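S.K.: Below is the sequence, then the predicted model.
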Amino acid sequence: MLKTLFRCLPLSLALLAPLVQAAVYTDAVSRVRFNVPPGWKVRPSVVDGQRVLRVVPPKADQRERAAIDVQVFSRKPGRGDTLARLAQKYRREDDNREAANFARVNSRSGRLVTEYRDGRFVSNRLWIVRHNLHVFQLGDKKRMAEARCAANASEFKTYRRQMEAICLSLELLKR
């Protein structure tokens with residue numbers, strides 16, 4: 001029994017190593033916190049008048065070929081934006097978005113985790129399918145945080161662990 005434990009220990013430590021090395025990023029303006037894998041950078045920007053934190057992978061080919069797009073932001077929830085309603089929305093297909101593979105609500109932590117695919121036309125009428133991991137964190141009635149990690153469906157599996165480290169670690173800070 002002890003021999004088996006010692007054989008498995010190096011493997012389990014190797015699997016945990018990327019998560020241990022991740023840095024915690026806290027944004028005082030958006031009042032969110034999340035893990036950032038080694039080498040990835042956080043770039044704050046403003047999109048449509050809203051502060052968005054873009055998390056950028058270290059290598060250019062990850063940004064180009066895989067088209068990794070990671071965005072984290074906080075916002076005021078829309079009217080009727082409850083976790084149950086959002087989950088219901090993502091469980092149905094909508095325009096170019098497929099029905100979610102899963103949409104799980106954890107009401108105790110105030111969190112919704114969804115995973116779905118969507119498609120869009122890019123240059124030369126090429127149809128690209130994107131795989132999305134989307135996390136909603138409900139604070140109070142005035143604040144909601146979102147983390148959306150997306151990549152081309154063919155490349156998502158390669159970068160899944162790093163994107164999960166970011167999106168699943170999302171935490172809305174108290175005021």
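M.R.: Thanks, I have the structure now. Numbering: from 1, shown residues only.
S.K.: all helices for this protein, in order.
M.R.: Counting by DSSP state H, the chain has helices at residues 2-21, 60-64, 83-91, 153-167.
S.K.: Sort out which residues of the third one are buried, please.
M.R.: So the one you mean is helix 83-91. By 16 or more other CB atoms under 10 Å, the buried positions in helix 83-91 come out as 83, 86-87, 90. All C-beta atoms are positioned from the backbone trio N, CA, C, and that covers glycine.
S.K.: Likewise for the shortest one?
M.R.: For helix 60-64, the neighbour count (16+ other CB under 10 Å) marks Q62 as buried.
S.K.: circling back: the buried residues of helix 83-91 into TSV, with extra columns for pLDDT?
M.R.: Formatted as TSV, those follow (pLDDT from 0 to 100):
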residue	pLDDT
L83	90
L86	91
A87	92
Y90	90
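S.K.: for F102, what are its contacts?
M.R.: 113-115 (CB atoms under 8 Å, 6 or more residues apart in numbering).
S.K.: Can you list which of those are found in strands?
M.R.: 113-115 (DSSP state E).
S.K.: between these, which is closest to V46?
M.R.: When the ones in strands among the contacts of F102 are compared for distance to V46 (CB to CB), T114 wins out at 25.4 Å.
S.K.: Quickly list what the closest one is bridged to.
M.R.: For T114, the beta-bridge partners under DSSP bridges are A103, H134.
S.K.: pLDDT score assigned to it?
M.R.: Note on T114: pLDDT of 95.
S.K.: Likewise for L13?
M.R.: Looking at L13, its pLDDT reads 44.
S.K.: Likewise for R7?
M.R.: Looking at R7, its pLDDT is 50.
S.K.: that older thread, going through the contacts of F102, which ones are buried?
M.R.: Using 16+ other CB under 10 Å, the buried ones in those are 113-115.
S.K.: can you list the residues you listed in a markdown table and add distance to V52?
M.R.: Output for the buried ones among the contacts of F102, formatted as a markdown table (distance: CB to CB, whole Å):
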| residue | distance to V52 |
| --- | --- |
| V113 | 20 |
| T114 | 19 |
| E115 | 21 |
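S.K.: How about residues contacting stretch 149-169?
M.R.: Against stretch 149-169 from outside (CB under 8 Å, 6+ apart): 18-19, 22, 24, 33-37, 40, 55, 57, 62, 65-70, 72, 113, 117, 128-135, 147-148.
S.K.: Would you indicate which residues of that stretch are buried?
M.R.: Going by neighbour count (16+ other CB under 10 Å), the buried part of stretch 149-169 is 149-152, 155-156, 159, 162-167, 169.
S.K.: Now do the phi/psi pair for L168.
M.R.: Dihedral angles of L168 (phi, psi; degrees, to the nearest 10) stand at phi -80, psi -10.
S.K.: and the gap between it and D94?
M.R.: The gap separating L168 from D94 is 24 Å, by CB to CB, to the nearest Å.
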